[in-house]
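Undergrad: no FASTA, just this:
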Ligand SMILES: Cc1ncc(COP(=O)(O)O)c(C=O)c1O
């Protein structure tokens, strides 16, 4: 960038990435450091502070903190905003980021069971009744977490759960990684902050037009310190112990070299969402309403839509997540995804034996929806049912926590042949990726059912994260 002058500062590419790879020149032109006028994410007083204020306003938050390490760092910071050993309710369909946060914070999880849809084979959400029962059974729960929407786009009844917490000092925090677009159109599910959540984490890179890793942590009126503050200033957060601790955790977890391209991409996308978000979301909503029923009419497949809201634990669904099961076809989800990839150049968000999920963006045009619809219709016509039902779904067995996450993470471990781990205590996490929801965490018992499940995962050769030996021949257990 000519008017950037002679760059004698970090980053080391000095704006000249084009010399090492022509395609990367424009990347380096945006990549700066804390030069005069460019503010400092750790002490925002200028353009970053302004960008955060505009972000908060766009998202309906009292205050927003930019995250350059995905939703993961926001979840970690919020968990670390509490005292050590704080009791937190966490739904069992939560992302593996929670385990990291529990290790860092030393908090004690009370895991909430999640409703499962048998045909889809996926966890949907938590019922308010489940939260009420856990609150009755556990004294002094400080925070209730929800994952809403789920990875699959199903949203819990956040307002009913907020209502349950009203009379208590328990805070509601929501992993809303997949719902950053909700505030921009009233016909999408309600944003959790609007329903009363104290804090939410939005993975902007999941649904906004931003670069990967962009996310934000948004605080609502029910977060300590904000009650009665209509115009929070930068010191509002510092009025309460939890706010002070949250900011310290945020600064501790955030790199001292936050990427300017990432931060700029959030600011540009926020401006786009303010101006065009509602229009794009309206168009996407109409396309979804047109194409989901059309997909549903294809012989042999089922495209899931609003009827999901009649299931337990689901209050609303994101219309841009397109879930398809194919019980009436002669191929499974993995085979369908392979055909879509090789023959139609369509990449899906996830494919499992029983289902596939396509994630449409607010930027996809009618052509994209039509291309997907035609491809699925052609594949379905080529692979009619051969009268064989897909094998029954294999659900994640129940968990038994023996040691809390931090203690388990720090404990001495040994390597054992998987078959010999029965009744031992797991020393590592197992999460099928995507969606990255752990089926086993360090500190949990390897019961008969869990061991069978791990052997099943090994036989299916699914992609897993967590174990040092991803083939699962050996497994780390606590000594
Ligand atoms: C529900 C949910 N929460 C949190 C995360 C972590 O987000 P990130 O990868 O942005 O750190 C993910 C990632 O896929 C997710 O699906």
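TA: Received, thanks. Because the structure is a prediction, the values reported are computed rather than measured. Numbering: from 1, shown residues only.

Undergrad: Any regions of this structure where pLDDT drops low?
TA: The chain contains residues with pLDDT under 70 at 1-3, 228-234, 388-394.

Undergrad: domain parsing for it?
TA: 2-266, 277-382, 405-478 (automatic domain parsing).

Undergrad: ok, now which ones touch residue 52?
TA: 44, 63, 64, 65, 66 (C-beta atoms under 8 Å, 6 or more residues apart in numbering). Yep, even glycine has a C-beta here, placed from its N, CA and C like the rest.

Undergrad: how does it look with 6 Å?
TA: Contacts for residue 52 (C-beta atoms under 6 Å, 6 or more residues apart in numbering) come out as 64, 66.

Undergrad: sorry, back to before: please tabulate the domains of the chain in a markdown table, including the columns distance to the ligand.
TA: Shown next, in a markdown table, are the domains of the chain (distance: least, C-beta to the nearest ligand atom, whole Å):
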| stretch | distance to the ligand |
| --- | --- |
| domain 2-266 | 3 |
| domain 277-382 | 10 |
| domain 405-478 | 5 |
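
Undergrad: Just name the most buried of these.
TA: domain 2-266 (a mean of 19; mean count of other C-beta atoms under 10 Å).

Undergrad: Surely residue 216 is within a strand?
TA: Yes: judged by DSSP: H, G, I helix; E, B strand; the rest coil, residue 216 forms part of a strand.

Undergrad: hang on, it packs against residue 201?
TA: No: at 7.6 Å, residue 216 and residue 201 do not qualify as touching, with contact defined as C-beta atoms under 6 Å.

Undergrad: on contacts alone, who are the packing partners of the longest helix seen in the chain?
TA: Secondary structure assigned by DSSP state H gives helix 278-296 as the longest helix of the chain. If contacts are counted by 3 or more C-beta pairs under 6 Å, 6 or more residues apart in numbering; DSSP states H and E, helix 278-296 sits against strand 302-304, helix 366-382.

Undergrad: got CSV for the domains of the chain, with distance to residue 399 too?
TA: Compiled in CSV, the domains of the chain are given as follows (distance: least, C-beta to C-beta, whole Å):
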stretch, distance to residue 399
domain 2-266, 6
domain 277-382, 18
domain 405-478, 5
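
Undergrad: Out of those domains, flag the one nearest residue 395.
TA: Closest to residue 395 of the domains of the chain is domain 2-266 (C-beta to C-beta; 6.3 Å).

Undergrad: Contact partners for the spatially most central residue of the chain?
TA: When the chain is reduced to its mean C-alpha position, the nearest residue by C-alpha atoms, centre = their mean turns out to be residue 177, at 4.0 Å. Contacts for residue 177 were tallied using C-beta under 6 Å, 6+ apart; they are 71, 203, 206.

Undergrad: Residue 173 contacts residue 199, correct?
TA: Yes: counting by C-beta under 6 Å, residue 173 touches residue 199, with 4.7 Å between them.

Undergrad: Quick check: the gap between the residue nearest to the residue nearest to the centre of the chain when sequence neighbours are not counted and residue 363.
TA: What sits nearest to residue 177 in space, not counting adjacent residues and going by C-beta to C-beta, 6 or more residues apart in numbering, is residue 203, at 3.4 Å. To residue 363, residue 203 is 17 Å away according to C-beta to C-beta, to the nearest Å.
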